[in-house]
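# Quick check, what structure comes out for this input:
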Amino acid sequence: MWFILNPINIFYDFVIYLIIDNITKFIVVHNRKEKRFDILLYECMFLGFLIGFISFYYYIPYVLIIFLLIHIIGTLYSEKNLGTIKEIVRNLFNWIINLIFYRSISKVSERKNIPKEYLYNYHLKPTNDLRLQQSSFLQTLPRPGIFNLHGTTCSLNALLQSLASLNGFYLSLQRNINISRYNYDPIVLTFVDLISQLRNDHRTSEYKHWNTLIDTSEFISKLNLTYPNLLTQKTTTDICELFQCIIDVLNESLSKQSSLYSTNVIEQVQNSKLTTFALDYLNKLFAETEAQLHDTITLDNLDTQTSCIIQYVDLTWLLHHIQLGSLIKHTFSGQILHAHCCNNCSHVRFRTEPFQILILPVNKTNTTLEKILSQLTKIEMIDSTSCSHCFNDHNIGLKHTPLLNPIPTPLSPIITSRRQFSDQIFASTPISSSVNNIIPLTKTHLNYKIKKQTMIANFPDILSIQLKRFSYDRLSQTGIKLNTSIIIEPEKILDLSHLHYTTWLGLTNLSNTYHYRLIAICLHLSENSSTNFTPSIQGHCVCLYRADHNRWFLCDDERITEINQINNFFQTSYVTENCYLLFYEKCS
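Numbering: from 1, shown residues only. Prediction:
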């Protein structure tokens, strides 16, 4: 009778268990919460006694034994909150989920080897090695990796890891996203959840051995509602295009809950009284100030009109943020000031342009990031076929024809920072709006030389820099990556005060210090510099980010690798020839 196992015995076991379990539930419901553990313990003891009795006199009740084990584990887990059992259950569940995802996802085979001398030995693991998910390796990982869905979401993975590294941005999300107070768009909640998952493993000791890889499919599905062709299974999206689209979507969703200026916006307004005015009055002041700038400023009276220039910059800065402004725009938005001076009549024309990504040109000459930044304010001599003052003097052209084109409001600049997604346009190389390409408005063509200078009017909290490595020909629909070597010093604090427009005006007493520290850098890896890309940029994206205690890590989808000798590593061609998108955080 000991080892008899038949359907009748199994049926008896089920009936006995159901009777005991329902009696226990009835007793638990009608007793105080403090007695739950004692009641469940008595149930386990009774089941154990019953199993022993049946086993001694009849047969071994395997079903009851299984139910008893489940009851013991469940009781300890739910009532005594034992951490060890929780860890076992969580790790087992995560291992099964990760194994399923690992088998269903195709990985990109293209990788660029990292010089081994810059890696810690215990991190030398194959990208697809499941040992990444074993506890013996997890203690060295600073945060979870991210699945590369369909082998084409590496740009999203690198971008999310970079954004999660920005301490100021993360704290701003925590302070300003109030889930209990507002009903946010689902994409906002999904984005915040992704960043929180990455940050938890990075900063909280509770998740030190957490081995869950993050799945971004839910965020992608919500992003595709606005940009259906942005993230697809067949193409890898340019990371700068992707970043701009995410900023636009999040800003549009969050602007409904915010109408206040951030601290960074207010601090950069020279006349703080302007921050107290309503939108209608700001628009009125802007119209008056712009008219004064248009009619009166020349090189001869530039010094006497500095207050008007400052007010123009302040007004455009506030108007940019008061309408459809959110913590996203306040964090990443800066403002450029363009100055154009006619070489014939000395008339000076100003125009502001908001930006979320500061685009810097790259040529074929090896250089440093500091040298590229210094070229931003370099005076250029360009040709133009339109100058309103020169036209008026010769009685030709339209009255008040502007120097370039009609100047729109600051909410609609000539060169907008927002780029609409298109399969036929290279996101990393927007078409220039230089005066060379402007079609004259009249049949009379008078050529003038114009001096052009670009300055930073307002700096963002997070400075995002795109190194424009890609050139694109619309006619042939092909593009080429420039593998120009650009030296970036990871530990150097950038002082960008000399780029501010008040320095150009000689107002050193009004100039603040603008110091920035490198937090993350996204690399675009490709086979060679002569590859034709159509219609999207092919290659693979990874990111380097700074963690606590100035430790640096390389994120390559699921793989997280700690980098040794970071200064030397940044001198290698792996970084210098592939650096593409940089994130700098303003120093407090």
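# Do you have the strands of the stretch 251-400 of the chain handy? List them.
334-342, 348-355, 358-361, 367-368, 380-384 (DSSP state E, counting those that start in this stretch).
# State the paired neighbours of the longest one in the sheet, together with their directions.
Sheet neighbours of strand 334-342, with direction, are listed as strand 348-355 (antiparallel), strand 448-458 (antiparallel) (DSSP bridges).
# Using CSV, lay out those strands together with mean neighbour count, distance to residue 310 and mean pLDDT.
Where C-beta positions appear, they are placed from N, C-alpha and C, glycine not excepted. Formatted as CSV, the strands paired with strand 334-342 follow (neighbours: other Cβ atoms under 10 Å; distance: least, Cβ to Cβ, whole Å; pLDDT from 0 to 100):
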stretch, mean neighbour count, distance to residue 310, mean pLDDT
strand 348-355, 22, 11, 90
strand 448-458, 20, 10, 88
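# Switch these over to a markdown table, and while doing so, append distance to residue 545 to every line.
Formatted as a markdown table, the strands paired with strand 334-342 follow (distance: least, Cβ to Cβ, whole Å):
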| stretch | distance to residue 545 |
| --- | --- |
| strand 348-355 | 23 |
| strand 448-458 | 25 |
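# of all those strands, which lies closest to residue 581?
The closest of the strands paired with strand 334-342 to residue 581 is strand 348-355. By Cβ to Cβ, the value is 13.7 Å.
# Beyond the helix or strand of the chain at the bottom of the mean pLDDT ranking, next helix or strand please.
The weakest-scoring helix or strand in the chain, judged by mean pLDDT, DSSP states H and E, is helix 135-138 (a mean of 36). For helix 135-138, the following helix or strand on the C-terminal side (DSSP states H and E) is helix 154-164.
# I'd like to know which elements that next one is packed against.
In this structure, helix 154-164 packs against helix 186-203, helix 239-254, strand 515-525, strand 540-546, strand 552-556, strand 579-586, with contacts taken as 3 or more Cβ pairs under 8 Å, 6 or more residues apart in numbering; DSSP states H and E.
# now the angle from whichever helix or strand comes after it to strand 579-586?
Helices and strands here follow DSSP H and E; after helix 154-164, the next one along the chain is helix 167-176. Put simply, helix 167-176 runs at 60 degrees to strand 579-586, going by axes from the mean of the first three to the mean of the last three Cα atoms, to 10 degrees.
# Could you list the buried residues of helix 167-176?
169, 170, 172, 173, 176 (16 or more other Cβ atoms under 10 Å).
# Could you report the distance from the closest residue in space to residue 310 that isn't next to it in sequence to residue 525?
In this structure, residue 310 finds its nearest non-sequential neighbour in residue 270, 5.0 Å apart by Cβ to Cβ, 6 or more residues apart in numbering. Remark: distance between residue 270 and residue 525 (Cβ to Cβ, to the nearest Å) = 44 Å.
# Neighbour count for those two, which is higher?
residue 525 (17 against 14; other Cβ atoms under 10 Å).
# Is the more buried one bridged to anything, and to what?
Beta-bridge partners of residue 525, as defined by DSSP bridges: residue 540.
# was I right about it contacting residue 543?
No: Residue 525 is beyond contact range of residue 543, at 11.2 Å (criterion: Cβ atoms under 8 Å).
# quick one: low-confidence parts of the stretch 151-300 of the chain?
180, 200-211, 256-261 (pLDDT under 70).
# can you check the stretch 401-550 of the chain too?
401-447, 473, 476-478, 508-511, 527-537.
# Please enumerate the helices of it.
501-504 (DSSP state H, counting those that start in this stretch).
# Against residue 293, how distant is residue 579?
Counting by Cβ to Cβ - residue 579 and residue 293 are separated by 38 Å.
# next one: residue 552
46 Å.
# Between those two, which has more neighbouring residues?
residue 552 (23 against 19).
# what pairs with that one across the strands?
Under the criterion used (DSSP bridges), residue 552 bridges to residue 546, residue 563.
# State the distance from it to residue 520.
10 Å.
# Overlap of the contact sets of the two?
544, 545, 546 (Cβ atoms under 8 Å, 6 or more residues apart in numbering).
# Now flag whichever of the residues you listed is closest to residue 70.
Distances from residue 70 to those, taken by Cβ to Cβ, are shortest for residue 545, at 43.1 Å.
# Now do the contacts for residue 177.
Residue 177 touches 184, 188, 192, counting by Cβ under 8 Å, 6+ apart.
# Check residue 279 too.
Residue 279 neighbours (Cβ under 8 Å, 6+ apart): 319, 322, 323.
# rerun that using 6 Å as the cut-off
residue 322 (Cβ atoms under 6 Å, 6 or more residues apart in numbering).
# What of the one 3 residues further on?
When the contact criterion is Cβ under 6 Å, 6+ apart, the partners of residue 282 are residue 319.
# mind redoing it with 7 Å?
315, 318, 319 (Cβ atoms under 7 Å, 6 or more residues apart in numbering).
# now do residue 487
Contacts of residue 487 by Cβ under 7 Å, 6+ apart are 368, 369, 571, 576.
# Relative to residue 372, how far out is it?
10 Å.
# cool, residue 282 as well?
Applying Cβ to Cβ to residue 282 and residue 372 gives a distance of 35 Å.
# cool, and residue 481?
17 Å.
# Could you give me the buried positions within stretch 575-588?
575, 576, 577, 578, 579, 580, 581, 582, 583, 584, 585, 586.
# One more: stretch 356-371?
Buried-residue list, stretch 356-371, by 16+ other Cβ under 10 Å: 356, 357, 358, 359, 360, 362, 367, 369.
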